[in-house]
Structure formats: structure tokens, C-alpha cells
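Trainee: here is my input; please provide its structure:
(4 chains)
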Number of protein chains: 2
Amino acid sequence: MPRRSAAAVAQTRAVVTEAATQRASVEGLEGLTIGGLADEVEMRKSSVFSLFGSKEDLQLATLGAGVESFRREVWSPVADLEPGLPRLLALCDTWLDYHRREVMPGGCFLTTATVEFDARPGPLRDAIAETMKRWLAVLEREATAAIEAGDLQPDTNAADLAFELNALAAAASYGFQLWRDPEVLAQARRSMRRALGADMNPGDGGTDADPGRPPGARHRVRRRRDHRRGV
Amino acid sequence: MPRRSAAAVAQTRAVVTEAATQRASVEGLEGLTIGGLADEVEMRKSSVFSLFGSKEDLQLATLGAGVESFRREVWSPVADLEPGLPRLLALCDTWLDYHRREVMPGGCFLTTATVEFDARPGPLRDAIAETMKRWLAVLEREATAAIEAGDLQPDTNAADLAFELNALAAAASYGFQLWRDPEVLAQARRSMRRALGADMNPGDGGTDADPGRPPGARHRVRRRRDHRRGV
DNA sequence: CCTTTTATCGGACGCTCGTACGGTATCATC
DNA sequence: GATGATACCGTACGAGCGTCCGATAAAAGG
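Mentor: Alright, predicted model coming up:
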């Protein structure tokens, strides 16, 4: 009794993995249960299982869906902007907004997965490490563009900046979840702006949680020293 | 057949919770199993269970033991230093060293627990939130002392600085675990130094992973702008 | 020395988990 | 419209889980 047209297995899988990302953002990828997931999408346990063949494959597929969601919600809105500082600034806002809107009810899916599997060797950790590496490379590329455009101090370490932005976004996610206080997001936004040397940037429709930012403050490139080897 | 003197229940609990912190840093507090823990400390499942009465109480006790370990390994070594910037700088180093030495085989216990329970209401989350709040308050108090001593820019936002340091330390933990690359720790150290406006501070026995820091570089207080409300 | 307390053990329970396999109704195709 | 493929279901299994309880033996106390 299939309710959908034939060859719809990919679509069914998508339905399941989407529900799984929501669930895993709260309970973790290991906390996923095939039975619970089946209830949520109104299928039988055996059906969901046979869609993936094993729990690990379900987790891998869920990771993929989570990454896709992140790309859609965070990166896509800024993809068309000019590379470099403008896109980086906008990216920080869509990023924090992704947390504020609770697209994932348990906070950033990737952060949860990273901390959950960082010390457990296996295909899951490999996939997560690869994903995080790619994301940090995106941030670094963007930072490099900003440096070359003269929007950041020329001695800025792009990799360090990427590391910082990622650390701040992750902390915003679990801090916001832990205390359910939007001030955490405002805090993260200020810290990101500071890391980007643009902490007095005028309001541009970013996180609503940030109260009373002065509307007319000027943009100002701030100095930022690199880690110098042997200088 | 008790092997220890009477009233040794507290000590036995300590043995179990210590093993539990190690295990939980890898598998998470929810990933703890009473049977597995019993095997590790060479007891029977029913014995371990009766020590705590429920898995949740075991988790709470484990959290307490993890906090105690953190205090012992990270805070104690710097407790006698002068409050303010000197202690903050030393603290960052013991903190990162705590990760590098892998005192917890799965990385920072508190970070793991935070991300695991940030979206799951209950006694565990409450206890974790309280713990994190206290730790951030310690960092903020230290930052405030540094500001009042004139070692940081007077308009530094102490709470933001505490948030940043904590975010960087956490990212160092899971990044180091994920890639098993000490460069992550060096990256975190540079970022922490930068956040503290002391990114050219001379080497002081901190993380070994940081290569080639210039030995004679000068300390220099860096400018750092606060978030200004309506100025 | 006998009794009470205490710490641990052995065994069992009900439940949920991932996994497996055969059945069944629908769809695509000739 | 018979046939084969497809997507889902029903049921079952063995293992592992947290939890409970009665037994047991060492320690403590009189």
C-alpha cells in the first residue's frame, strides 16, 4: 500500500531525514531511534529501517540533510553578495538568525554532531570532520577576500579568524539553548563584529535580539594583529 | 562482602564517578551505561546502581565530579596568582593544556555535557546551566579586575570577553578532538591572546603546540571597544 | 558473642533497541 | 489484464538497558 508514486523512495528518505535532523539537534545523532522517527513520520519501524539499511546509514543521511539545511538557511541568503567583508558580515547575521529562529529546535545541528562524535572514531566522525573542514575553508576564503580587498588588516590570519567566527557561532547556539536568553545572540554578534574589526557597524537588519544599537554609527576598520612567526 | 572499611560508600561513589567522567567525555552523559561502568570499576551492575539510586542521580554526581576535576586541573594552578590579567593569561594556558593533556579522553567534559543537554529540560540541564553560569561569572570577575587594574581598555565589556574566552576554549576542545591536530590549540591560544589584547605576549610556558613564538616580543595593551548603548 | 547495620552481590523483571524476513497491496509495463 | 517490480507493513528475535529485591557476608556496636 504505497501512498506515493513509484520511485518515490528518495522523497520518502528526505521526509525521514528532515525529521531526523530536528530530532537529532535535540537528542543527538546517537539519540535517534528508528521507532521514534517512524512514529513521527507515521510509518512503521521496519519501513524506516529498510529505507536506510542500518542506523549508521540513517545517521549519515541525517548529517547530509542537516548540512543541506544549513546551506539553504545560512549560506544561500548571502551567496549573491560580494565576496569578502560585506558577505562575511551578512553571513554572521543569517547565521545567528538561524539560531534565533530555531530552525533546528535543539540548536545548531552541526555543533551538536561535532561535539557528540569528536572523540568517537568511525564513518560519522570522518564525515563530520570533512564537513567542518569545508565550512572553515569557506570562512577562510571569505576572510582572505576581505583582506585582499583591504577591508581587514593585511596581517590578519584568515584561518584564525575563521576559527574564531565558528567558535563564537557555536557558543551562541548552545548558550542560547541553555539559557534561552537572546542576549547571548547579541553578545555573539558583538564579538563577531569585533573579530571582524567592525564592531561599530550600523544596524543592518541582523539579530533582533540586539537591543539599542546606535543607528548612525560609522563603519570603521579596526586593527588586528596576526600571529607572527619569528618576527 | 565489603572490601573496604565501613562508611566507605562516599569513596566508592568517587571511584565510580571519576571513571564516569572519563567515559562521559567520550560517549556523553546519556551514553553512560551502568553495566559498562560497573565492568570498568570491577563491580556488579546492581552495586553501582544502588550507589546512586537512578541513572539521573549518577549523571548528576558525574557532572559534579567533572566540575571538580576541572577546578583541580585548570583553576587551582592559577588560584594563587594575582587577580586580573596575569591570572587570566595563565588560566588560558592551563585551560588549553587541560585539553592537550587529554585529562578527559573525549575533550572538555563540561562542553560535551552542555551541548548534549542544552535543549533537554530537566535537572541535568539546570545543573549544567548553573555550573556554566558560575564559570562565566569567574571569567567576568577576572576580566573586571583586569580592567580596573588598567590592563585592559576601560571600555572593555567584561561579560563579552568571558563569553569569547569560553567559546574559544570550547572550540579548541572539540576541534582538537575532531582533527587530533595541536595546531587547533595554538590557534585558540592566539585568539585568546588577541581577545585579551595581549597577542604578542612573550612565551610563558603555555601550550607546547604553539610553534615559534618570538621570545622577546613585548607586551602591549590593545584597544578594544565595548558595545555602547545609545552613544 | 550475639545482634544490627552496611556494602555488595545474584538474579530477575519489563521495556526498548536495531535488525531481519516474509507478506501484501499498489504501480509500471507489456 | 496478467506480470513483475516496488514500497510499505506485521511480526518476531536477541541483546542490552534501567530498575528492583532478596540474599550474604563483613563490619560495628552492645
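Trainee: does anything pack onto the strand or helix carrying residue A:67? Which helices or strands?
Mentor: Using DSSP states H and E, the element containing residue A:67 is helix A:55-70. Under the contact criterion of 3 or more CB pairs under 8 Å, 6 or more residues apart in numbering or on different chains; DSSP states H and E, helix A:55-70 touches helix A:9-27, helix A:34-40, helix A:45-52, helix A:109-117, helix A:123-148. Every C-beta, even on glycine, is put in place using the N, C-alpha and C of the backbone.
Trainee: of all those helices, which lies closest to residue B:32?
Mentor: With CB to CB, the closest approach to residue B:32 among these belongs to helix A:109-117: 13.9 Å.
Trainee: hmm, back to that, hmm, the helix holding residue A:67 in reach of DNA strand C?
Mentor: Yes - Helix A:55-70 reaches DNA strand C (CB under 7 Å from any atom of the strand) through A:55-56.
Trainee: pull out the buried residues from that helix.
Mentor: A:58-63, A:65-67, A:69-70 (16 or more other CB atoms under 10 Å in any protein chain shown).
Trainee: and if you look at stretch A:33-48?
Mentor: Going by 16+ other CB under 10 Å, stretch A:33-48 has these buried residues: A:34, A:37-38, A:43, A:48.
Trainee: which SS class is residue A:31?
Mentor: coil (DSSP: H, G, I helix; E, B strand; the rest coil).
Trainee: was I right about it contacting residue B:29?
Mentor: No - with contact defined as CB atoms under 8 Å, residue A:31 does not count as touching residue B:29 (11.5 Å).
Trainee: ok, these two, which is more surrounded?
Mentor: Ranked by neighbour count (other CB atoms under 10 Å in any protein chain shown), residue A:31 and residue B:29 place residue B:29 first, with 25 against 18.
Trainee: roughly how far apart are the more buried one and residue A:188?
Mentor: Distance of residue B:29 to residue A:188, given as CB to CB, to the nearest Å: 25 Å.
Trainee: low-scoring stretches of chain A, by residue?
Mentor: A:1-7, A:199-231 (pLDDT under 70).
Trainee: tell me which residue in it sits closest to DNA strand D.
Mentor: With CB to the nearest atom of the strand, the shortest gap between chain A and DNA strand D falls at residue A:46, namely 2.8 Å.
Trainee: mind listing residues that contact stretch A:126-137?
Mentor: A:60, A:63, A:67, A:110, A:113-114, A:117-118, A:159, A:162-163, A:166, B:178-179 (CB atoms under 8 Å, 6 or more residues apart in numbering or on different chains).
Trainee: now that stretch, how far from the chain's geometric center?
Mentor: Centre-to-centre, stretch A:126-137 and its host chain are 11 Å apart (CA atoms, centre = their mean, to the nearest Å).
Trainee: same deal with stretch A:135-144?
Mentor: Using CA atoms, centre = their mean, the offset of stretch A:135-144 from its chain centre is 14 Å.
Trainee: coming back round to it: tell me which two of the buried residues of helix A:55-70 sit farthest apart.
Mentor: A:58 and A:70 (18.7 Å).
Trainee: spatially nearest residue to residue A:158, not counting backbone neighbours?
Mentor: residue A:143 (3.9 Å; CB to CB, 6 or more residues apart in numbering or on different chains).
Trainee: show me what the helix or strand hosting residue A:95 is packed up against.
Mentor: Assigned by DSSP H and E, residue A:95 belongs to helix A:85-100. In terms of contacts (3+ CB pairs under 8 Å, 6+ apart), helix A:85-100 is packed against helix A:123-148, helix A:158-179, helix A:183-195.
Trainee: Three-state assignment for residue A:155, please.
Mentor: coil.
Trainee: and residue A:71, how far from chain B?
Mentor: Here residue A:71 is placed at a distance of 20 Å from chain B (CB to the nearest CB, to the nearest Å).
Trainee: what about residue A:9, neighbour count?
Mentor: Residue A:9, neighbours per other CB under 10 Å, totals 12.
Trainee: same question but for residue A:84, I mixed them up
Mentor: 20.
Trainee: one more: residue A:101?
Mentor: 11.
Trainee: name the SS class of residue A:105, please.
Mentor: Strictly by three-state DSSP, residue A:105 counts as coil.
Trainee: that one against residue A:25, yeah?
Mentor: Yes - between residue A:105 and residue A:25 there is a contact at 6.1 Å, judged by CB under 8 Å.
Trainee: count the neighbours of residue A:79 for me.
Mentor: 10.
Trainee: follow-up on the earlier one: how about the helices and strands packed on helix A:55-70 in JSON lines, adding distance to residue A:87?
Mentor: Formatted as JSON lines, the helices and strands packed on helix A:55-70 follow (distance: least, CB to CB, whole Å):
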{"stretch": "helix A:9-27", "distance to residue A:87": "25"}
{"stretch": "helix A:34-40", "distance to residue A:87": "36"}
{"stretch": "helix A:45-52", "distance to residue A:87": "36"}
{"stretch": "helix A:109-117", "distance to residue A:87": "20"}
{"stretch": "helix A:123-148", "distance to residue A:87": "6"}
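Trainee: distance to DNA strand C for these - can I get that in JSON lines?
Mentor: Converted to JSON lines, the helices and strands packed on helix A:55-70 look like this (distance: least, CB to the nearest atom of the strand, whole Å):
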{"stretch": "helix A:9-27", "distance to DNA strand C": "10"}
{"stretch": "helix A:34-40", "distance to DNA strand C": "4"}
{"stretch": "helix A:45-52", "distance to DNA strand C": "3"}
{"stretch": "helix A:109-117", "distance to DNA strand C": "14"}
{"stretch": "helix A:123-148", "distance to DNA strand C": "13"}
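Trainee: for the closest residue to residue A:162 other than its chain neighbours, give me its contacts.
Mentor: Distances taken as CB to CB, 6+ apart place residue A:139 nearest to residue A:162, at 3.6 Å, with adjacent residues excluded. By CB under 8 Å, 6+ apart, the contact list for residue A:139 reads A:88, A:161-162, A:165-166.
Trainee: cool, residue A:111 as well?
Mentor: A:169-170, A:173-174, B:115 are the contacts of residue A:111 under CB under 8 Å, 6+ apart.
Trainee: which one of those is nearest residue B:93?
Mentor: Distances from residue B:93 to these, taken by CB to CB, are shortest for residue A:170, at 22.1 Å.
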